[in-house]
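S.K.: just to be clear, the model below is a prediction. Sequence and coordinates:
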Amino acid sequence: MPTTVFRTCPLCEATCGLQITLEGDHVTAVRGDRDDVFSLGFICPKGAKLGDLDEDPDRLTGPLVKRDGEFVEVTWAEAFAEVERGLAAV
């Protein structure tokens, strides 16, 4: 059964309101939210294709840290520890 959620588009500073239709975790439609006070239902082509971006096989789904010249997947705790080490030097 499809569900509808309302979100703010994360792709630029315009903060357009989105009406997103989901079936499970799958985005089936993205439209502008007509009740959004800023965008009034209008969205750009990037926002309209947000579902494709969400399902892109090249999309990162977790943190990566560069070790020995290669990016490796790590836990969030390891990623934040790496950030802390880097910031401590600053």
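M.R.: Thanks, I have the structure now. Numbers count the residues shown, from 1 in each chain.
S.K.: can you report phi and psi for the nearest residue to residue 1 once chain neighbours are set aside?
M.R.: Using Cβ to Cβ, 6 or more residues apart in numbering and skipping the chain neighbours, the partner closest in space to residue 1 is residue 23 (7.7 Å). In this view, the C-beta of every residue, glycine as well, is placed from N, C-alpha and C. Per-residue torsions, residue 23: phi -120, psi 100 (degrees, to the nearest 10).
S.K.: how about residue 47?
M.R.: Residue torsions, per degrees, to the nearest 10, at residue 47 are phi -60, psi -40.
S.K.: got it, and the one 5 residues further on?
M.R.: Here is the backbone geometry of residue 52 (degrees, to the nearest 10): phi -60, psi -40.
S.K.: for it, report the pLDDT, please.
M.R.: Looking at residue 52, its pLDDT stands at 91.
S.K.: and it, how far from residue 72?
M.R.: Residue 52 sits at a distance of 27 Å from residue 72 (criterion: Cβ to Cβ, to the nearest Å).
S.K.: how many residues are close by the residue nearest to residue 1?
M.R.: Neighbourhood size, residue 23 [other Cβ atoms under 10 Å]: 11.
S.K.: show me where pLDDT drops low in the protein?
M.R.: For the chain, no stretch is flagged by pLDDT under 70.
S.K.: quick one: the helices in it?
M.R.: 45-48, 50-54, 76-89 (DSSP state H).
S.K.: now distance to residue 29 and mean neighbour count too, for these, in JSON lines please.
M.R.: Formatted as JSON lines, the helices of the chain follow (distance: least, Cβ to Cβ, whole Å; neighbours: other Cβ atoms under 10 Å):
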{"stretch": "helix 45-48", "distance to residue 29": "9", "mean neighbour count": "14"}
{"stretch": "helix 50-54", "distance to residue 29": "7", "mean neighbour count": "14"}
{"stretch": "helix 76-89", "distance to residue 29": "31", "mean neighbour count": "10"}
